[in-house]
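Novice: Based on what follows, work out the 3D shape:
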Amino acid sequence: MNIGSAILNSVEKAGNKLPDPVTIFLVLIGVVMLASLALSGLGTSVEHPITGDTVSVVNLLTGSQLQTLLVGMPGVLTGFAPLGMVLVVMIGAGIAEKTGLLSAGLRVMVADVPKFLLTPALVFAGVMGNLAVDSGYIVMVPLGAVVFMAAGRHPIAGIAAVFAGVSAGFSANLVVTPLEPLLFGITQGAAQTIQPDWTLNNLDNYYFTIALTPVLVLVGTLINNYVVEPRLGEWQRPADFAAPEGDGSLSANEKKGLLWAGLSLLAIVAIVLFLTIPSNGILRSPTGGLGPFFQSIVAILMIAFLVSGTLYGVAVGRVKSDKDVVELGTKSMADMGGYIILAFAMAHFISLFGASEMDTVLAISGAEGLQALNLPAPLLIVGMVLLVAVLNLFMGSASAKWALLAPVFVPMLMLLGISPEGTTLAYRMGDQATNIITPLMPYLPLILIFCQRYVPEFGLGSLIAVMLPYSVAILMSSLAMIFVWFALDLPLGPGDASFTYDVPAAVSAPPSGG
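Specialist: Next up is the predicted model:
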């Protein structure tokens, strides 16, 4: 424990000595541009596993690339998807926060939840919150701080517990998430190079992800209660932090406000169900799919927060006219100024890193290097999980990485007796574990800003040091579950989904280019 604390303290000190995150990303932009010049000059390239085309590192310092950078700068910022989602949700969530709705609602929730269940409840809420995809980062994570603070515990620990659930538990849930069709659609194309009639089933990892959910809740709870929170110590309220009013009990107006807000939320839920449940509903695709519903979650959350927060504000006297609502929304947007600057730097780094093709070269080279080791199938799975966990530090998009890795790993492991379903699962376990410690995760700067509300001096190193124990523990527990599933040949999902695969007799070697 002492050694672990020393390591985390070293990580925190080293990380906090780094410049401001905005400066870090600006420096990384310079590094990427210089590296692209050097690597392109050396002729660095790889063969794309799908098309067979040669992918070469692009020099970002040519006249045409610099012109593209300058001309496209506004579009890169406005096209940065997390920025739009964060700002839209925060219009409503900010009003709900500043009228006092969130605080009052969470005070009620904390009062009814036994203290020993508070941490697992938050981790579980985070895991289930990833059903709303990126909205979980924007809405669920800051609520963790409010819940812990209301219970007299360190708010950073509350943020960490939910963040671990939402992000490190991204491939665990009790229901099927939008990630399933996204990844298995890529898996299908790769698997058909070996078995042309192989078709996807979006439930092919479902049994495993259900079983992983309580495991991650337990692991997250243990890490939070016995590693993270003791290390954080007692929270010292900043001098300019608003003190709680009264003894924590609700006034008559607050109770009325919660009733109005609750009724409005029930009405919104009913409307959303009306628009979603019928196969020809407005929030259905022409083929009856739920894609439009999932894509509308951000807007739905904004409306729900806006309506319920406004009604609560009217009940408690904080909203007397439409001008008050606009003023509260304006203050909420002012709080997001730091994130907008961070988003600018991050968006351009990610854009330039992708334009240089270095992310593609790195992913394909890593996969080919692992393939060349010729390890036994179980060790190859472990190697793949670890490789993906490392690659995730440099290439954040789960679908983009899988689109590059699947054509190499899926056929390769099929020939070694590992099913496409098992390979997809191994990829997901590696991808989820390091989400919470990579600076390239688009929402990490936002989480840092949430933390700095409660501990102004909280730096990037502090955040990584807080989240590192979760990352390691979740990676180890995921690997342990994979070993159990593989050893016992347990089903990964309904039907024939398992870790093992019977190689067709006619197949004796990987297809060319695979």
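
Novice: Please enumerate the helices of the stretch 201-350 of the chain.
Specialist: Secondary structure of the stretch 201-350 of the chain (DSSP state H, counting those that start in this stretch): helices located at 206-223, 229-232, 252-276, 291-295, 297-316, 322-335, 337-355.

Novice: could I get the ones you listed as JSON lines with distance to L83?
Specialist: C-beta: built from backbone N, CA, C; applies to glycine. Below are those laid out as JSON lines (distance: least, Cβ to Cβ, whole Å):
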{"stretch": "helix 206-223", "distance to L83": "28"}
{"stretch": "helix 229-232", "distance to L83": "30"}
{"stretch": "helix 252-276", "distance to L83": "25"}
{"stretch": "helix 291-295", "distance to L83": "17"}
{"stretch": "helix 297-316", "distance to L83": "12"}
{"stretch": "helix 322-335", "distance to L83": "12"}
{"stretch": "helix 337-355", "distance to L83": "4"}
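
Novice: could the ones you listed go into TSV alongside distance to P376 and mean pLDDT?
Specialist: What follows is the helices of the stretch 201-350 of the chain, written out as TSV (distance: least, Cβ to Cβ, whole Å; pLDDT from 0 to 100):
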stretch	distance to P376	mean pLDDT
helix 206-223	21	92
helix 229-232	39	90
helix 252-276	47	91
helix 291-295	39	77
helix 297-316	43	89
helix 322-335	53	86
helix 337-355	34	82
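
Novice: tell me the centre residue of this structure?
Specialist: Residue closest to the mean C-alpha point of the chain, counted by Cα atoms, centre = their mean, is S167 at 3.8 Å.

Novice: now the helices for the stretch 1-150 of the chain?
Specialist: According to DSSP H, counting those that start in this stretch, the helices that the stretch 1-150 of the chain contains are 2-16, 21-41, 63-78, 81-98, 101-112, 115-129, 135, 141-150.

Novice: tell me the most buried of the ones you listed?
Specialist: Neighbour counts (mean count of other Cβ atoms under 10 Å) averaged over each of these peak at helix 141-150, with a mean of 24.

Novice: and the angle from that helix to helix 115-129?
Specialist: Between helix 141-150 and helix 115-129, the angle comes out at 170 degrees (axes from the mean of the first three to the mean of the last three Cα atoms, to 10 degrees).

Novice: which residues are contacting stretch 214-229?
Specialist: Stretch 214-229 is contacted from outside by 4, 119-120, 123-124, 126-127, 153-154, 157, 160-161, 164-165, 168-169, 172, 466, 469-470, 473-474, 477, 481, using Cβ atoms under 8 Å, 6 or more residues apart in numbering.

Novice: again with stretch 73-81
Specialist: 83-84, 134, 343-344, 346-348, 350-351, 442.

Novice: now that we have those, which one has the most neighbours?
Specialist: Compared across the contacts of stretch 73-81, M346 has the highest neighbour count, 28 neighbours, by other Cβ atoms under 10 Å.

Novice: That one is in contact with Y443, isn't it?
Specialist: No - M346 sits out of contact with Y443 when judged by Cβ atoms under 8 Å, with a separation of 10.0 Å.

Novice: for the nearest residue to P494 once chain neighbours are set aside, what are its contacts?
Specialist: With Cβ to Cβ, 6 or more residues apart in numbering as the measure, L203 is the residue that lies nearest to P494, at 5.3 Å, once sequence neighbours are left out. Counting by Cβ under 8 Å, 6+ apart, L203 touches 176, 180, 493-495, 497.

Novice: Just name the closest of these to A145, please.
Specialist: V176 (29.6 Å; Cβ to Cβ).

Novice: thinking again about what came up before, and the buried ones among the contacts of L203, selectable in ChimeraX?
Specialist: In ChimeraX syntax, the buried subset of the contacts of L203 is picked out as below (16 or more other Cβ atoms under 10 Å):
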select :180,493,497
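
Novice: The contacts of L203 in helices, which ones?
Specialist: Among the contacts of L203, the members falling in helices (DSSP state H) are E180.

Novice: possible to save the contacts of L203 as a markdown table with pLDDT?
Specialist: Below are those laid out as a markdown table (pLDDT from 0 to 100):
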| residue | pLDDT |
| --- | --- |
| V176 | 68 |
| E180 | 74 |
| G493 | 83 |
| P494 | 78 |
| G495 | 71 |
| A497 | 78 |
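
Novice: Among the contacts of L203, find me the one that's closest to E327.
Specialist: E327 lies nearest to V176 out of the contacts of L203, by Cβ to Cβ, at 41.7 Å.
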